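K.L.:
build me a model from this:
(chains A and B)
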Amino acid sequence: MKHWMFRCRDVSRMVSESMDRELPWQKRMGIRLHLMMCRLCTRHKKQLEMIRELMGRYSRALEESGSLSLSLTSEEKGRIKDLLQNSLNSPPSGQQ
Amino acid sequence: MSTEPLEWVDLYSDQLYAYALRMVRSHDLALDLVQETFLAALAGKDSFESRSKEKTWLFGILKHKILDHLRKKDRHTSLDEHDEEKHAWEKHFNEQGKWTIPPGLWNAKAEDLFERKEFFDILEKCISRLTENLAHVFMLREIQEETSESVCQTLNISQNNLWTRMYRARTAIRECLEEHWFSDK
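P.N.:
Numbers count the residues shown, from 1 in each chain, chains lettered A, B, ... in the order given. Model prediction:
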């Protein structure tokens, strides 16, 4: 690994990449050494990690509660129920 | 099966819709996907006994449909086409690769931030501002929590394409949050 591969610009990209795959150990080592000496890149890494944590909470919030956002109108729900009812009432022709 | 299929609509349609709307960014499309999810669930309900919970199962069906939708929609563009984005994320560094616009201080914990509605609204706004190609990968990875392999396969993109789009998306979100929340706190 060349020393110039671990400038802040490269490290910031590699830190992001490490969140999507496991980097080869040489890169992991190079990043760790850089971060020990660079508070800005350390700060950046923590911010990306916080974004991931926020997105995880966001994801769970979306699945848990419909009250976070607009919900379907009762007409829209009624139409879906009608569709399901039709499907229940008329099975596929192969079964008759 | 404890509840009737029609009850599922009352119990789960809002959550399913809220999730779909964020992922596909269109009311009509989200509604279609929710509808298709219920129809597919109805058709498959006899095999439901082996699934854990109704809601988890329904969400599983919806997420598959979202993957199918994004598979068709993603433009599979080459990275060079995003020149504007390229300049946006490179402007933070000079020719020597050092920070020119450094990251600011974020003095907060995720759990505290999340309690505040104003922050939540800003987070949502930042996500909605992502360009489509960045939004696809970012939401599949960070909201739907698909693996990198799954995202590459679904969108038919290379790993390199994924990593680059994710870096640009994270950069855009970071900058947006910094500008609209952290800069005056």
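K.L.:
quickly find the element holding the residue most central in space within chain B.
P.N.:
In chain B, the centroid-proximal residue (Cα atoms, centre = their mean) is B:Met139; its distance is 1.7 Å. For B:Met139, the host element (DSSP states H and E) is helix B:132-142.
K.L.:
tell me what that helix is packed against?
P.N.:
helix A:39-64, helix B:54-73, helix B:117-128, helix B:148-155, helix B:159-180 (3 or more Cβ pairs under 8 Å, 6 or more residues apart in numbering or on different chains; DSSP states H and E). For glycine as for every other residue, the C-beta is placed from the backbone atoms N, C-alpha and C.
K.L.:
what's in contact with the last one?
P.N.:
The contact list for helix B:159-180 (Cβ atoms under 8 Å, 6 or more residues apart in numbering or on different chains) reads A:12-13, A:16-17, A:19-21, A:44, A:47-48, A:51, B:78-79, B:82, B:85-86, B:88-89, B:92, B:103-104, B:106, B:122-123, B:125-127, B:129-130, B:133-135, B:137-138, B:141, B:148, B:151-152, B:155, B:157.
K.L.:
tell me how far B:Thr56 lies from chain A.
P.N.:
Distance of B:Thr56 to chain A, computed by Cβ to the nearest Cβ, to the nearest Å: 9 Å.
K.L.:
ok, back up a step: out of the helices and strands packed on helix B:132-142, flag the one nearest B:Ala110.
P.N.:
helix A:39-64 (4.4 Å; Cβ to Cβ).
K.L.:
buried residues, that closest one. List them.
P.N.:
Neighbour-count burial for helix A:39-64, counted by 16 or more other Cβ atoms under 10 Å in any protein chain shown, picks out A:40-45, A:47-48, A:50-51, A:54-55, A:58-59, A:62-63.
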